[in-house]
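Colleague: make a model of this:
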Amino acid sequence: ESLAGGRRIAEIVKPDNLPVKLPPKEMSFLRPEMLKHSSASRKIRTFSAVASVAIFIASIVLFSYAFSRANLTVRVKVTTVPLPSTSITVDPKAQAVNINSKRLPGLYIEATKSVVKNFEAKTVGYTESRARGNITIFNNFGTSPQVLIKTTRFESKLTGLVFRLQETITVPGALKQGDKLIPGSVKAEVVADEIGEKYNIAPDDFVIPAFKGSPRYQGFYAKSSESFRGGLKGAGALVTADELQKAEEEVTAKVFEDAKKELESKVPPGYMLRNKEMLRKGGSIIKIIKVSKPHAGEAVRTFTVAADATASATLFKEDDLYLLLSKLVIKEGSQESIFRQKTDINPTQINFDDDSRLLAFNIADNLVLSYDIDREKLKNEIGGKSKSEVEAILRSKPELTGYTVEISPFWIKKVPSNPKKIDIKVEL
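Modeller: Sure, this is the predicted structure:
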């Protein structure tokens, strides 16, 4: 047949344009071996997925146990016991707590403070006064002490002016070290032999005229480190008795407070915290041991008042006090103890004797008792047990009034066996 244009159908549809039927060997992907291999791959993939899920679940379980914890809160029974009036003595010589004599071992402490202050003399008037000053007297003569009586004369090497001792003193003997002597010394006040300003001398060396012509003249001597003051005959600034009194009160009050603070700073760790309060209520003694000041009427523009104070006390350890009180109110064998944070102890009738160094006081307070919970022992008791088993253990303890048990994560049913993973909180 022919078509338009004169072309035959056979020419249009050639064999080369027809679908080609491949031979069997060209379709190798459909071979049985390939089909079998594809099935095995699917099985491997399925197994891998299942294994991954199993590993994931196992990891969660292991993670849960690795980070599991138990939290216990236990409430402990608390009772209040009245303590009859009890007199307690603290003795530095005691070695241990004595229940029968109610005596505690003590620690004796002391402190020394000095205060020196300058004041301005605000009064002007006529006066006749003698210069005064302090000297240090040396004994380089021998190892025996030397007594110098009141009014002993000391002569200035520079001016030849004479000053006299105001009190009888003893100069310590020299200290012998090998072939050398280390002079003994003592400080003393001297006053001018006469009235007048010329005795207001600068620091100088002094000899003792009474020893002139004897070996002691070279062996005993004195030195001053400050100028002498107060010598005047006529009108000028002078210190009055009222000014001296006010200055002395100010200085002694300051040295008293300084000595008290210094004593309180010496309370060592571990000793009764209430000692500081007791120090202010008769548990310590503070003494003004020396006051240096000019005499009323002395001619000075400025004057100095100095004071020395000592403070002393006997302290006791807080643990020793509670041990004594525990023995007095708690039965032998009981697991109870004094709950210190809730027990308010207020010592009364506090008295400290500086001579014997004994501290005495009285206690009559209510003591709060609670039970000591051995956390480590309790952890070992409940480790590895279920929540119901733990609750049964806690219910059996008469010292507890309540409890809560929490185990995390929530799907873990037992308390960890490792004590480090158990937290115990004690409430009262």
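
Colleague: got the buried residues for the lengthiest strand in the chain?
Modeller: The single longest strand within the chain, with elements called by DSSP state E, is strand 103-120. Of all the residues in strand 103-120, those buried under the rule 16 or more other Cβ atoms under 10 Å are 103, 104, 105, 106, 107, 108, 109, 110, 111, 113, 115, 119. In short, each C-beta sits where N, CA and C put it, glycine included.

Colleague: now do stretch 343-355
Modeller: Result for stretch 343-355 [16+ other Cβ under 10 Å]: buried residues 343, 345, 347, 350, 352, 354.

Colleague: wait, residue 195 touches residue 127, no?
Modeller: No - at 9.2 Å, residue 195 and residue 127 do not qualify as touching, with contact defined as Cβ atoms under 8 Å.

Colleague: what touches both of these two?
Modeller: 232, 233 (Cβ atoms under 8 Å, 6 or more residues apart in numbering).

Colleague: show me which of those two is the more surrounded one.
Modeller: residue 127 (20 against 16; other Cβ atoms under 10 Å).

Colleague: shouldn't the more buried one be in contact with residue 297?
Modeller: Yes - look at residue 127 against residue 297 with Cβ under 8 Å: they come within range, at 5.5 Å.

Colleague: overlap in contacts of the two?
Modeller: In contact with both residue 127 and residue 297: residue 238, using Cβ under 8 Å, 6+ apart.

Colleague: compute the number of surrounding residues for residue 402.
Modeller: Counted with other Cβ under 10 Å, residue 402 comes out at 11.

Colleague: check which helices and strands the one helix or strand it maps to sits against.
Modeller: Residue 402 belongs to strand 400-408 when assigned by DSSP states H and E. With contacts taken as 3 or more Cβ pairs under 8 Å, 6 or more residues apart in numbering; DSSP states H and E, strand 400-408 sits against strand 69-76, helix 387-395.

Colleague: do a quick rundown of the strands in the stretch 251-400 of the chain.
Modeller: With strands called from DSSP state E, counting those that start in this stretch, the stretch 251-400 of the chain shows them at 284-292, 302-316, 336-338, 348-353, 358-363, 366-371, 400-408.

Colleague: show me how far the third one is from its chain's centre.
Modeller: The gap between where strand 336-338 is centred and where its chain is centred comes out at 26 Å by Cα atoms, centre = their mean, to the nearest Å.

Colleague: do the longest one as well
Modeller: What separates the centre of strand 302-316 from the centre of its chain is 24 Å, taken as Cα atoms, centre = their mean.

Colleague: tilt between it and strand 358-363?
Modeller: With axes from the mean of the first three to the mean of the last three Cα atoms, to 10 degrees applied, the angle from strand 302-316 to strand 358-363 works out at 60 degrees.
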